[in-house]
Structures are given as C-alpha cells and as structure tokens.
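# take a look and give me a structure for this.
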Amino acid sequence: MTIWLGIVYAYKGLLMLFGCFLAWETRNVSIPALNDSKYIGMSVYNVGIMCIIGAAVSFLTRDQPNVQFCIVALVIIFCSTITLCLVFVPKLITLRTNPDAATQNRRFQFTQNQKKEDSKTSTSVTSVNQASTSRLEGLQSENHRLRMKITELDKDLEEVTMQLQDTPEKTTYIKQNHYQDLNDILSIRNFTDSKGES
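Residues are numbered from 1 along each chain as shown. Sure thing, here's the model as predicted:
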C-alpha cells in the first residue's frame, strides 16, 4: 500500500507540475476565454492544500476506516468541485453575459491586428509626411532668406547707380571748387610777389 500510494502521489504531483507549467506558459494569452492561468493556479493551490490535509487526516484516522474513507471522499469531492468551478464557472458567466463572446474575441483580435497594421502604415506615412513637411519648411526658409538677400543687393545696386549718376555733377562741382581754390592761391601768391618786388 505504501508503494502504491507513493506511485500515485508521484504521478499526481507530476500532473500538477505540468499543469503549473501550462498555466505559466499561457498567462499572457490575449483572448479572455482562453486565459485561465489565474484560475488554474488557484486550482493547483487548492489541490495541494487539500491533498496535504487529506493525507494528514487519513494518516491520523488509520485505525477508523469509516472515518478515514469519509474524510478522504469529502476531500476528493471538495477538491474536484472547487477545481471544476474555478475553471468553468468564469467561462459560463462570460457566455451568459455575452453569448457572442467567442465571435467578438475573434473580431477583436482581427481589429487589433488591423489597427496595428494601420498604425504601422500611418506611422510610415506620417514619417514621410513629416520629412516632406520639414524639407518644404527648409526650402521656404531658404527661399525667404534668398529673397531678402536679393532685396538688399537691389538696394545696394540702386545706391551704386545713384552714386554713379551723381558723380559727374559732383566731379564738376569739385573741379570748380578746386579751380576756385587754385585761383585764390595764385592771386595770393601774385599779391605777395608784387609786394616783395616793390
């Protein structure tokens, strides 16, 4: 009997470990109807606690087979019922409140995938638009800068043109003033020379 119980406990323990592994692997499933990892974890905890309690009470009531049988049967029934309720009752509640949950989950998954693809496409289009917009703004600012430069050069050209047009008059004025100064200087020299001779 001891060997038999050891084999059964080992077998059931391996099944519980495998269930924990599967619950851990499926913890991030996006479909709510398939994401049972929390409930499976609670079920494993429930089974572990009930097995420890059942084994301890069974060992203590070895000399009273009727009590031992009743306690072990109650532990098994309670453990199985709690496990089945934890796994299936949330699904039944979901189906009761929303009968088309499975269809909606498929639609939801499809729309999420579609939104992801659309967001990728819109992101690439947005980046192209932003690049085009920034290039256009750069070209517009360069155009504005060059127009301002052209305006400044036009002003400089007008000033130079005005100076060139004004130059003959100024040259004549300067020449006349220069001749006047020369005449004054010559007349002063002539006056001083004539005084020196006399």
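# can you give me phi and psi for Lys149?
The phi/psi pair for Lys149 (degrees, to the nearest 10) reads phi -60, psi -40.
# neighbours around it, how many?
Lys149: 10 surrounding residues under other Cβ atoms under 10 Å. From N, CA and C alone the C-beta is placed, and that goes for glycine too.
# go on, Leu86?
Neighbour number of Leu86 under other Cβ under 10 Å is 19.
# and what of the one 4 residues further on?
Residue crowding around Pro90 was assessed by other Cβ under 10 Å; the count is 16.
# cool, and Phe78?
Neighbour number of Phe78 under other Cβ under 10 Å is 14.
# now Ala23
Neighbours of Ala23 under the rule other Cβ under 10 Å: 19.
# surely it is in contact with Gly41?
Yes. Shown here, Ala23 and Gly41 form a contact pair, counting by Cβ atoms under 8 Å, at 5.5 Å.
# the helix or strand hosting Trp24 packs against which elements?
According to DSSP states H and E, Trp24 maps onto helix 2-25. Packing partners of helix 2-25 (3 or more Cβ pairs under 8 Å, 6 or more residues apart in numbering; DSSP states H and E): helix 37-60.
# list the buried residues of the helix it packs on.
37, 39-44, 46-47, 50-51, 54, 58 (16 or more other Cβ atoms under 10 Å).
# now pLDDT and distance to Tyr11 too, for those, in CSV please.
Output for the buried residues of helix 37-60, formatted as CSV (pLDDT from 0 to 100; distance: Cβ to Cβ, whole Å):
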residue, pLDDT, distance to Tyr11
Ser37, 76, 23
Tyr39, 83, 23
Ile40, 80, 19
Gly41, 80, 21
Met42, 85, 22
Ser43, 85, 18
Val44, 83, 15
Asn46, 87, 19
Val47, 85, 13
Met50, 87, 17
Cys51, 84, 13
Gly54, 86, 16
Ser58, 84, 18
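# the helices in this protein, which residues?
2-25, 37-60, 65-97, 101-197 (DSSP state H).
# now do the second one and helix 2-25, the angle between them.
In terms of direction (axes from the mean of the first three to the mean of the last three Cα atoms, to 10 degrees), helix 37-60 departs from helix 2-25 by 160 degrees.
# name the surrounding residues that touch helix 37-60.
Residues from elsewhere that reach helix 37-60 (Cβ atoms under 8 Å, 6 or more residues apart in numbering): 12, 16, 19-20, 22-24, 26-27, 29, 68, 71-72, 75-76, 78-79, 82-83, 86-87, 90.
# just the buried residues out of those residues, in ChimeraX syntax.
To isolate the buried members of those in ChimeraX, using 16+ other Cβ under 10 Å:
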select :19,20,23,68,71,75,79,83,86,90
